[in-house]
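K.L.:
predicted structure and sequence below. I'll ask about it afterward.
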Amino acid sequence: MRFYSPTLLNILWLIPVFILVYVRSNKLRRRKLYNFGENILVDDLSASHSETKYRLRKILQFGIFSMLVLALARPQIGAKMEKIKQTGVDVVVAIDTSRSMLAEDFKPNRLQKAKRSLISFIKLLQGNRIGLVAFAGDAFELCPLTLDHASLRMYLDILDDQLIPLQGTALGDAVETGMKMLKTGPKKASKVIFVLTDGEDHGTNPIEAAKKAAGENIKIYTVGIGSRKGEPIPIRDENGKMKGYKKDIEGAVVLSKLDEKTLAEMANVSGGKYYHATADEMELDRIAAEIQGLEKGDLEEKFLMHYEERFIIPLSIAVIAFIILILLGDRKGVPQYLLPLVRIFRSGKSQKNILIVIFAFNVMIFSSGFQGKVRKSVQKGNELFAEGKYKEALSEYKSVQDNPKEIQTIDFNIGDAEYMLGEFDSAISAFQRSSFESDPEIVSKSLYNSGNTYYKKGDKERAKEFYIKALVKNPDDIDAKYNLEVVTQQIKQQQQQQKQENKKHEENQDKKEQQKEKDQQQDSKENKKDKDRQQDKDTNKEEQQEKKEKKDNKEEKQDQQKNMQEKESQDKEDNKQQEDEEKKDQQQKEQEKRDEEEKQEGKKDKNTAQQGKERNENKMPEEDVERLLDALKDDEQDLKWYFKNLHKKDGNKSKQKKDW
């Protein structure tokens, strides 16, 4: 036999105290009674009182109390073994601890951001085996694959930039170390390597390592932590005070930049995905959802012992003893069986009490059996939740949601399942219902989970409020303290960003107003210039018009002069043609006259004919006559030149005549 809550048995230590109190009070009672009068008179007055029944009633009261305590401790007798298989996915988390992770583009730095993300990631992968690899210039296995996530979180406390003396970023070595760890897992289970780094590899060929992982059906999911522009790496002393920034050999400040290209290629080659780290960690939800959807294998087999509840036995004894206590009187001479029954049925009050006791007894028996079914449904829901089947687990929880309030974790479990399914509004309602339970631990966890849910919704102010409430209920809640610090920092950053944006907005407004004033001034200047230009343009136009008129007048005069010259030249040509015609007519008349003279003289001899012929040859041609007349009109020199040339021409002819 065993007890579900053995600590409640410590209440039984109160029974000896009750017995001592009873003995002491009984002596005082008897002493006061005999002090009331003489002993003989007192005995006569109390002759009908049965001391034995009085003591029996006290024993029954102690027995009832003891049986109720035993029933609350839940005795369990009889057990059976049940085999349970734990299914899930094997996940190796590789976290970068190099000096570059001290850059402060995430507050307080990249390494703390990675640790915070890893804590959230572990919570999202309940029911899966998780291992841990730390890497800098080298990589080594920090925690083997385990289902004990509480112990895994303990390793996160020792993660810092001093963990690995050799500095650098051996990203390829980290992947190969994770591959070795995953070889020990079951064949059917999916295998995943989850990398948190800034991606600055130093010659370890991470792409080739990712290809090898893909050949072994291992998916790689990468989360890049850092800024794309680059961030200096601070150097601090032992007290945490800033000494400066890391510099290269030439004395220039080293900027650590996020190498997204390498991380994205690693993920694509292996069939995984790359995400850039964000403040709200939504990328972790997406990665966890994809991992939960992968094929699961048998990670571990457990044998659980199920015990049969036997609390009904002490509870039944307590109820029977209570009925006997009511029926049992404290006077002598009363029948032990018939008279009490007669008195019970004669007394309406006693009948009412008996009916109440019987009803309570039946309710206890019914509720005990019903609660067994409720607990089985809750247990089944918990098993489904551990396997990542949140929808099925939620159905099991809701099937007993409206049942006895003794199961205080139902609303809390419903909230957890709805949170994992992304139904944040419903989860908040469930957590609020469970926060009114009597168990302070459940209340504290409900408030904490409400804070997480509001954070996922993006309402950081409400999240901060619930983290504070959770710490009020449980000041030692480390997770609530950590989340409160993170949310407070993020709220401050948002406020600062809002202030900066408001300041920029105001500056932009001022600039716009100034620009507007400048534009107005510029417009007024341009308008003035336009007016001046228009005036100048009008003036120029008038001047051009005047010039054009003058030019037109001048051209008109030139045209008139040209026309007059052309008319004069035309007149000259006409006169010349008329003179030429007169000359031709005169020559024609002379020729006719000579022809008539020749007809009158008759035909002469050869010599005379030959002479006539020579004369005709020496006669001036008509063209020469015309040229001569023109020359006489123009210049005398031309006339001399003409006669000179004519003489030469005639000389040649006369020479020919002489020779002939």
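P.N.:
Good, I have the coordinates.
K.L.:
could you use CA atoms for every contact and neighbour count after this?
P.N.:
OK.
K.L.:
which stretches of this protein have low pLDDT?
P.N.:
30, 32-50, 78-84, 185, 299-306, 329-375, 401-409, 437-438, 601-660 (pLDDT under 70).
K.L.:
ranges for the strands of it?
P.N.:
2-3, 75-88, 90-96, 129-135, 139-146, 191-197, 218-224, 231-232, 234-236, 242-245, 255-256, 274-276, 297-309 (DSSP state E).
K.L.:
can you say which of those is nearest to residue 176?
P.N.:
strand 139-146 (8.9 Å; CA to CA).
K.L.:
ok, which of the strands of the chain comes nearest residue 105?
P.N.:
Of all those, strand 231-232 comes closest under CA to CA, at 6.5 Å.
K.L.:
give me the contact list for that closest one.
P.N.:
Residues outside strand 231-232 that contact it (CA atoms under 8 Å, 6 or more residues apart in numbering) are 103, 104, 105, 245, 246, 253, 254, 255, 256, 257.
K.L.:
most neighbours out of these, which is it?
P.N.:
In terms of neighbour count, residue 103 stands highest of the contacts of strand 231-232 at 26 neighbours, by other CA atoms under 10 Å.
K.L.:
not counting its neighbours along the chain, what's nearest that residue?
P.N.:
Nearest residue to residue 103 in three dimensions, chain neighbours excluded: residue 233, at 4.8 Å (CA to CA, 6 or more residues apart in numbering).
K.L.:
rewinding a little: just put the contacts of strand 231-232 in JSON lines and tack on distance to residue 173.
P.N.:
Converted to JSON lines, these look like this (distance: CA to CA, whole Å):
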{"residue": "103", "distance to residue 173": "22"}
{"residue": "104", "distance to residue 173": "26"}
{"residue": "105", "distance to residue 173": "26"}
{"residue": "245", "distance to residue 173": "28"}
{"residue": "246", "distance to residue 173": "25"}
{"residue": "253", "distance to residue 173": "28"}
{"residue": "254", "distance to residue 173": "24"}
{"residue": "255", "distance to residue 173": "24"}
{"residue": "256", "distance to residue 173": "20"}
{"residue": "257", "distance to residue 173": "20"}
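K.L.:
of the residues you listed, closest to residue 131?
P.N.:
Nearest to residue 131 among the contacts of strand 231-232, with distances taken as CA to CA, is residue 103, at 25.8 Å.
K.L.:
dihedrals phi and psi, that closest one?
P.N.:
phi -60, psi 150 (degrees, to the nearest 10).
K.L.:
I figured it hits residue 112, correct?
P.N.:
No: counting by CA atoms under 8 Å, residue 103 does not reach residue 112; the two are 10.3 Å apart.
K.L.:
how many neighbours does residue 395 have?
P.N.:
Quick note: residue 395 (other CA under 10 Å) scores 15 neighbours.
K.L.:
and the residue nearest to it when sequence neighbours are not counted, what does it touch?
P.N.:
Using CA to CA, 6+ apart and skipping the chain neighbours, the partner closest in space to residue 395 is residue 381 (7.9 Å). Going by CA under 8 Å, 6+ apart, residue 381 touches 392, 393, 394, 395, 396, 397.
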